[in-house]
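Engineer: Please find the sequence and the predicted model below.
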Amino acid sequence: MAVTEPAPAVPSAAHAHHGERRAGEGGVLEGILRRQSLRESAARTYARSLPIVPVRARGLTIEGADGRRYLDCLSGAGTLALGHNHPVVLEAIKKVLDSGAPLHVLDLATPVKDAFTTELFATLPAGLARDARIQFCGPAGTDAVEAALKLVRTATGRRGLLSFTGAYHGMTAGALDASGGATDVRVTRLPYPQNYRCPFGVGGERGAELAARWTENLLDDPKSGVAAPAAMILEPVQGEGGVIPAPDAWLRRMREITAARSIPLIADEVQTGVGRTGAFWAVEHSGIVPDVMVLSKAIGGSLPLAVIVYKSELDAWEPGAHAGTFRGNQLAMAAGAATLAYVRENRLAARAATLGARMLGRLEGLAAAHPCVGDVRGRGLMIGVELVDPDSADPAALGGSAPPADPVLAAAVQRACLDRGLIVELGGRHSGVVRLLPPLTLTDEQAEAVLDRFADALAAAERAHRTGTPAPGTRPRNDTGPTGPIGPSH
């Protein structure tokens, strides 16, 4: 069984075996990257740190325009629950295309939409599914966040919002207001509990309890300056904030606190949903039932789709109160329904929990051997490794606080991973967290290959960082090894 899957064939001027640079491809690659740099905006992100040109992909594997193959642990920022071009997704898309069904229908009812909604409701927490409404939004998760905020403000007649330090909810105005980097907005920022950099300096259950008490006191103190809010919005695992899982007991406290004060609770499951954390929806780890769930990324099966699902008692909108021309994406609904069903039927959430725990264990072993690894954390196949500068200060002299993040080293590790055929992303407060988001179809052998390449990249980048020399630019394992099929995925 090979680590990389054979990429599907596409028409091209020349074909060669995987791992071989085809004639002229280096020039084609550089030309495409150069034109992108000249034509696209300065806001582009992933293209800066991942200078590759994907042309084919399947499962975990991407093939670049230069013929090189990469293990993709970015997965479209968590969008690709089944990896690239999974057969059930392609078949679902092909079926719609061959049927002659309209591809654009605004918000009209169609058999494709009905099938998607039925499958989605079958996966929701029971306490929500039996009395829920769904709103199809514009194709991005950030529009679904906007819809959720608009919904609760309409239903409650209130304007304020409770959000958390380190949050990320999207890039439109309202979503940015609720995110951790916002300034000068009417959002009350609350402490999000974490062990490694606990805002109260204690971590663990005690730190989470203090965060909950702070929230409760703020809401009940008539002199806090915080009026009754329209909602609380939170991520069950903060992704961009540095892969920080919320403690289950703390999530239950947030549900109790909001329910007792008639404050709707919004769970942003854009990145955590569809099995990513080891449960179909991350809120299920704690057993809570939010009033609103914001869903996108994986629910579209790799195509753009975003919805909110909420308790019917909040459905106070007038017709057209939230609309969008592209909220009826038939292909995405078909691909999404196929993905949801495949994850459910094949118990991929449980698989993510088991394999994720195994990967975390090995990464914790790396931390013991590398002082630059400050913390390893995550849930399921949503994993983060925080890199720090252990020599910058004595943690004991700082009252037990953690060493500062080392974004320079993190960027070097990301580059070294790419050199070794592994695509990873950075996140966290100072971009010091290396993030792994592999597809849920990851095999045991592939997981070991990912960790081997990461360990090698970490060691090389750490040595170079310590000595002040450039990291080796060799790519020792990217194009070696078997090129045959890995067999059927889960």
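Structural biologist: Looks like it arrived, so ask away.
Engineer: low-scoring stretches of the stretch 101-250 of the chain, by residue?
Structural biologist: 181-185 (pLDDT under 70).
Engineer: Let's see that with 80 instead.
Structural biologist: 171-186 (pLDDT under 80).
Engineer: At which residues are the helices of it located?
Structural biologist: For the stretch 101-250 of the chain, the helices defined by DSSP state H, counting those that start in this stretch occupy 111-123, 126-129, 141-156, 173-178, 204-220, 248-260.
Engineer: need the longest helix for the protein.
Structural biologist: Across the chain, the longest stretch assigned as helix under DSSP state H is helix 444-467.
Engineer: Dump that one to PDB, restricted to CA.
Structural biologist: Presented in PDB, the C-alpha positions along helix 444-467 are these (Å, rounded to 0.1, in the frame of the first residue of the first chain):
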ATOM      1  CA  ASP A 444      -2.400   4.600   9.100                       C
ATOM      2  CA  GLU A 445       0.500   4.400   6.600                       C
ATOM      3  CA  GLN A 446      -0.200   8.000   5.400                       C
ATOM      4  CA  ALA A 447      -0.300   9.200   9.000                       C
ATOM      5  CA  GLU A 448       3.100   7.800   9.700                       C
ATOM      6  CA  ALA A 449       4.400   9.400   6.500                       C
ATOM      7  CA  VAL A 450       3.100  12.700   7.500                       C
ATOM      8  CA  LEU A 451       4.600  12.500  10.900                       C
ATOM      9  CA  ASP A 452       8.000  11.200   9.500                       C
ATOM     10  CA  ARG A 453       8.200  14.200   7.200                       C
ATOM     11  CA  PHE A 454       7.200  16.600   9.900                       C
ATOM     12  CA  ALA A 455       9.700  15.200  12.300                       C
ATOM     13  CA  ASP A 456      12.500  15.500   9.700                       C
ATOM     14  CA  ALA A 457      11.500  19.000   8.800                       C
ATOM     15  CA  LEU A 458      11.300  20.100  12.500                       C
ATOM     16  CA  ALA A 459      14.800  18.700  13.200                       C
ATOM     17  CA  ALA A 460      16.300  20.400  10.100                       C
ATOM     18  CA  ALA A 461      14.600  23.700  10.700                       C
ATOM     19  CA  GLU A 462      15.600  23.700  14.400                       C
ATOM     20  CA  ARG A 463      19.200  23.000  13.600                       C
ATOM     21  CA  ALA A 464      19.400  25.800  11.000                       C
ATOM     22  CA  HIS A 465      17.500  28.200  13.400                       C
ATOM     23  CA  ARG A 466      20.000  27.400  16.200                       C
ATOM     24  CA  THR A 467      23.100  27.900  14.100                       C
END
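Engineer: just how off-centre is it within its chain?
Structural biologist: Centroid displacement of helix 444-467 relative to its chain, using CA atoms, centre = their mean, to the nearest Å, is 22 Å.
Engineer: Summarise which helices and strands it is packed against.
Structural biologist: Counting contacts by 3 or more CB pairs under 8 Å, 6 or more residues apart in numbering; DSSP states H and E, helix 444-467 packs against strand 69-72, helix 348-369, helix 407-419, strand 422-423, strand 433-436. Every C-beta, even on glycine, is put in place using the N, C-alpha and C of the backbone.
Engineer: Swap in 10 Å and give it another go.
Structural biologist: strand 69-72, helix 348-369, strand 382-387, helix 407-419, strand 422-423, strand 433-436 (3 or more CB pairs under 10 Å, 6 or more residues apart in numbering; DSSP states H and E).
Engineer: Buried residues in that helix, which are they?
Structural biologist: 446-447, 449-451, 453-458, 460-462, 464-465 (16 or more other CB atoms under 10 Å).
Engineer: For Val289, state which of those is nearest.
Structural biologist: Ala447 (32.5 Å; CB to CB).
Engineer: separation between that closest one and Arg358?
Structural biologist: 7 Å (CB to CB, to the nearest Å).
Engineer: same check, this time on Glu425
Structural biologist: 21 Å.
Engineer: Which of these two has more residues huddled nearby?
Structural biologist: Counted by other CB atoms under 10 Å, Glu425 and Arg358 do not tie: Glu425 has more neighbours, with 23 against 14.
Engineer: In this structure that one contacts Ser49, no?
Structural biologist: Yes - in this structure Glu425 lies within contact range of Ser49 using CB atoms under 10 Å: 8.2 Å.
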